[in-house]
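Student: model the structure of this input:
(one chain, ligands or ions: 1)
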Amino acid sequence: MSAEIVTYPDRELLSLSLADRIAGQLRQQLEAVGPASLCVPGGSTPAPMFKALSGLPLDWANITVFLNDERWVPANNPRSNSAMLRETLMNGPAASANYLDLYTGDPTPEGAAPALSERLRPLLPITVLVLGMGDDMHTASLFPGADGLDKLLAHDAPPVMAAAGGAEPRITLTAPALQSALNIHIMIVGAQKRAALEAATGANPIDAPISAFLRDATVHYAD
Ligand SMILES: O=C1O[C@H](COP(=O)(O)O)[C@@H](O)[C@H](O)[C@H]1O
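Tutor: Predicted coordinates:
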């Protein structure tokens, strides 16, 4: 089965509509169950959606936010996904949310992963998961053909592991932690990513990691 794809007339409408949909799903969890979790991508695509979401009225103090993955660099490094998130999402009403930073300052992501896994377990299943995708069909830090990708995709993987394949060491949520999410959205823009997504449909996750999430996801797309 492949994902439902929603195509928007432009990127601004995509960002506003997706932010509204995420807020609705978080609100439902907060009202029906209690605390909620929101797991979001880094990269350049989601920043406008984060800005829209940050201004929406929600019980942010009962929401824990964390990234899908992080480059192993401190927050003052321009490659830090956390820095982008703090500038875009963790502002206005959303500044009251709890933030679980995947970058701990430990010397290596391998050393930090076991304790992060334990901190993450009580937050599972993720209430709302938003994934991005690179042109190479990677998502989170699950890179096609990377060393150890089979371990990150394994059904018994711990929630958080170190990952190879990017320009710097990385830490990532693993496939089972991400797949357990109650609501999964994939946000992509541009014809190149759309073509990559179509190529990934039905492919082996070792070659096209995004395909591990397509069955249960809604894809949000604009040119
Ligand atoms: O490296 C990463 O890239 C992907 C996609 O980023 P984009 O700049 O093409 O939007 C992102 O989903 C992932 O979280 C990030 O670590």
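
Student: and the nearest residue to Tyr99 once chain neighbours are set aside, what helix or strand is that in?
Tutor: Closest residue in space to Tyr99, ignoring its immediate chain neighbours: Val65 at 5.3 Å, by Cβ to Cβ, 6 or more residues apart in numbering. From N, CA and C alone the C-beta is placed, and that goes for glycine too. Element membership of Val65, judged by DSSP states H and E, is strand 63-67.

Student: hmm, that strand touching the ligand?
Tutor: No - Strand 63-67 stays clear of the ligand (Cβ under 6 Å from any ligand atom), getting no nearer than 6.8 Å.

Student: model confidence over stretch 87-107, on average?
Tutor: The average pLDDT for stretch 87-107 rounds to 97.

Student: quick one: end-to-end length of it, please.
Tutor: Stretch 87-107 stretches 25 Å from its first residue to its last (Cα to Cα, to the nearest Å).

Student: and the contacts of it?
Tutor: Here stretch 87-107 makes contact (Cβ atoms under 8 Å, 6 or more residues apart in numbering) with 38, 40, 46-47, 50-51, 53-58, 60-61, 63-67, 69-75, 80, 82, 85-86, 112, 115-116, 119-120, 123, 160, 171.

Student: mark which of these are buried, thanks.
Tutor: Neighbour counting by 16 or more other Cβ atoms under 10 Å classes 38, 40, 46, 50-51, 53-54, 56, 58, 60, 63-67, 69-73, 80, 82, 85, 112, 116, 120, 123, 160, 171 among the contacts of stretch 87-107 as buried.

Student: mind checking which of these are in helices?
Tutor: Judged by DSSP state H, the subset of the buried ones among the contacts of stretch 87-107 located in helices is 50-51, 53-54, 82, 85, 112, 116, 120.
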